[in-house]
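> Fold the following, please.
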Amino acid sequence: MDNKVANLINEQINKELYSAYLYLDFANYYAAVGLDGFENWYRIQAQEERDHAMLFYQYLQNNSEPVVFASVDKPDWTRGDNMTPLIKGLEHEKYVTSLINAIYAAAYEARDFRTMQVLDWFVKEQGEEEKNASDLITKMELFGSDAKGLYMLNSELKARVYAAPSLVL
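Take a look at the predicted model:
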């Protein structure tokens, strides 16, 4: 595997773990304000991000590349109203998309087709992540200021269950 690609994937492991921390912090915020459905949504998001980190970890292991762990930063965001984590979540997903795109570009340049094939799944996943984050913002804009609407939205998010990613490395 190309050194630049391997290094970027190692960095991505750390970024995915940071994403999990960030989303757990969002869940913590929503727990504190009594929105257990939103808490559930972000706890599941955190689990997804940990699994993404493990997929990258396993991919490096499967290719006999060393995995190098870095410190995971404390989540960096300023609390505001109930919309703040949703907006920060979308911003963060767009950032993660840019990171995946950078790894893909490096793999393309190195003609590392196997890595590109694995990254195809992540590219699709990021499209879904950005859409979900955007949809949450839209729903909060529509229903968040109405108590009944917020209750219904919170109930919808509370019903979400975790489904582990299925990706063959």
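> How much space separates residue 131 from residue 97?
Distance of residue 131 to residue 97, computed by Cβ to Cβ, to the nearest Å: 11 Å. Using the backbone N, CA and C atoms, a C-beta is placed for each residue, glycine as well.
> Please apply the same query to residue 78.
Distance from residue 78 to residue 97, by Cβ to Cβ: 23 Å.
> picking up where we left off before, the more surrounded of residue 131 and residue 97?
residue 97 (17 against 12; other Cβ atoms under 10 Å).
> Contact partners for the more buried one?
Counting by Cβ atoms under 8 Å, 6 or more residues apart in numbering, residue 97 touches 126-127, 129-130.
> of all those, which two lie farthest apart?
127 and 129 (7.3 Å; Cβ to Cβ).
> sorry, back to before: what would the contacts of residue 97 look like in CSV with secondary structure and neighbour count?
Output for the contacts of residue 97, formatted as CSV (DSSP: H, G, I helix; E, B strand; the rest coil; neighbours: other Cβ atoms under 10 Å):
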residue, secondary structure, neighbour count
126, helix, 20
127, helix, 12
129, helix, 23
130, helix, 16
